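**Student:** just coords:
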């Protein structure tokens, strides 16, 4: 079954791929996240936040939410500390609630790959890139410090899945001494790792999620290559629903012709809105907003599940997105950005 789903062509569904069935072991856990979903910030609250006149006013508008600062606190640094704390609490909650621990390990690898990217950029380019490794991955920051220090500890090793990614990224970098190749190599390896993990877990939902993420990354890449008039071509990720040939064809078309090219895919609206905004405003704001909205739509489709791990994963990702939205708005307010730009990004 999973092998058949992996080969599923894009036309087998209209908007979103399958999410799988119920798993009654998760009855209590699903009820918990359903209750918490009711307390998430709604669109009206985010718009009020975006329309605030200043950072202080925006922070005040969060006083009745879990993002309220302690009495007297109004500084951006205090808010960033609070947001990081909320994200950590969220991930710990997900870990405690998830019965199938391989799911937890899989989502922690996001921080592992992010830490690996940071470490390789610092070591290979011999430029300081910071050492603020995330503490929420499977591999501790101390391990990264020992392996990637000026005098590495040979007795400490990365897990196999990370070592292979590190080797591929290192090789890719030295081919042209291009720092972007580190990112491309890790992205490519991580995408394939996720797909294999989803198949191993027999999760149709995760498989659909990761294939959508691959497609959205490829669409963003396609737009950026066009905008910068780059000659790079071998940078698209494999394993999504969209054939690489369609993405390559898009690179040779004008912005007005992109939407029709993607009409037979679920991403028509994403491409249409992203192309129009980029063509008139030279900005990727609408593209980012549309990609985010599409992915959120798939996550929200787990409302069909009465009990299962799918709603837990969906809650984790939607709540992380909420935290990012709050950070984005407050950062924009701190830097006095135009409210219209914030609203365009929110959609």
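**Tutor:** That came in fine, so what should we check first? Just so it is clear, the model here is predicted, and its values are computed rather than measured.

**Student:** ok, the nearest residue to residue 141 once chain neighbours are set aside - contacts?
**Tutor:** Distance criterion Cβ to Cβ, 6 or more residues apart in numbering; nearest residue to residue 141, sequence neighbours excluded, is residue 133 at 3.8 Å. From N, CA and C alone the C-beta is placed, and that goes for glycine too. Neighbour list for residue 133: 115, 118, 119, 141, 144, 145 [criterion: Cβ atoms under 8 Å, 6 or more residues apart in numbering].

**Student:** quick check: which element contains the residue sitting nearest the centre point of the chain?
**Tutor:** With distances taken as Cα atoms, centre = their mean, the residue of the chain nearest its centroid is residue 213 (7.6 Å). Here residue 213, judged by DSSP states H and E, is contained in helix 204-227.

**Student:** in the stretch 101-250 of the chain, where is pLDDT below threshold?
**Tutor:** Low-confidence segments of the stretch 101-250 of the chain (pLDDT under 70): 127-131, 150.

**Student:** now the end-to-end length of stretch 230-245.
**Tutor:** Stretch 230-245 has an end-to-end distance of 17 Å (Cα to Cα, to the nearest Å).

**Student:** what's in contact with it?
**Tutor:** Residues contacting stretch 230-245 (Cβ under 8 Å, 6+ apart): 8-10, 17, 184, 187-188, 191-192, 195, 210-212, 214-215, 217-219, 221-222, 224-225, 247-248, 251, 262, 265-267.

**Student:** which of the contacts of residue 133 lies closest to residue 168?
**Tutor:** Set against residue 168, the nearest of the contacts of residue 133 by Cβ to Cβ is residue 119 (14.4 Å).

**Student:** how many neighbouring residues does that closest one have?
**Tutor:** Counted by other Cβ atoms under 10 Å, the residues lying close to residue 119 total 22.

**Student:** next, it: secondary structure please.
**Tutor:** helix (DSSP: H, G, I helix; E, B strand; the rest coil).

**Student:** same question for residue 109.
**Tutor:** helix.

**Student:** in contact with it: list those residues for me.
**Tutor:** Residue 109 neighbours (Cβ under 8 Å, 6+ apart): 137, 138, 161, 190, 193.

**Student:** and the gap between the second one and residue 64?
**Tutor:** To tie it back to what came earlier, the one meant is residue 138. 36 Å (Cβ to Cβ, to the nearest Å).

**Student:** do the same with the third one
**Tutor:** Residue 161 sits 43 Å away from residue 64, taking Cβ to Cβ as the criterion.

**Student:** neighbour-wise, which of those two wins?
**Tutor:** A direct count of neighbours by other Cβ under 10 Å for residue 161 and residue 64 places residue 161 higher, at 17 against 9.

**Student:** ok, the residue nearest to that one when sequence neighbours are not counted to residue 137 distance?
**Tutor:** Nearest residue to residue 161, sequence neighbours excluded (Cβ to Cβ, 6+ apart): residue 193, at 5.8 Å. According to Cβ to Cβ, residue 193 and residue 137 sit 14 Å apart.
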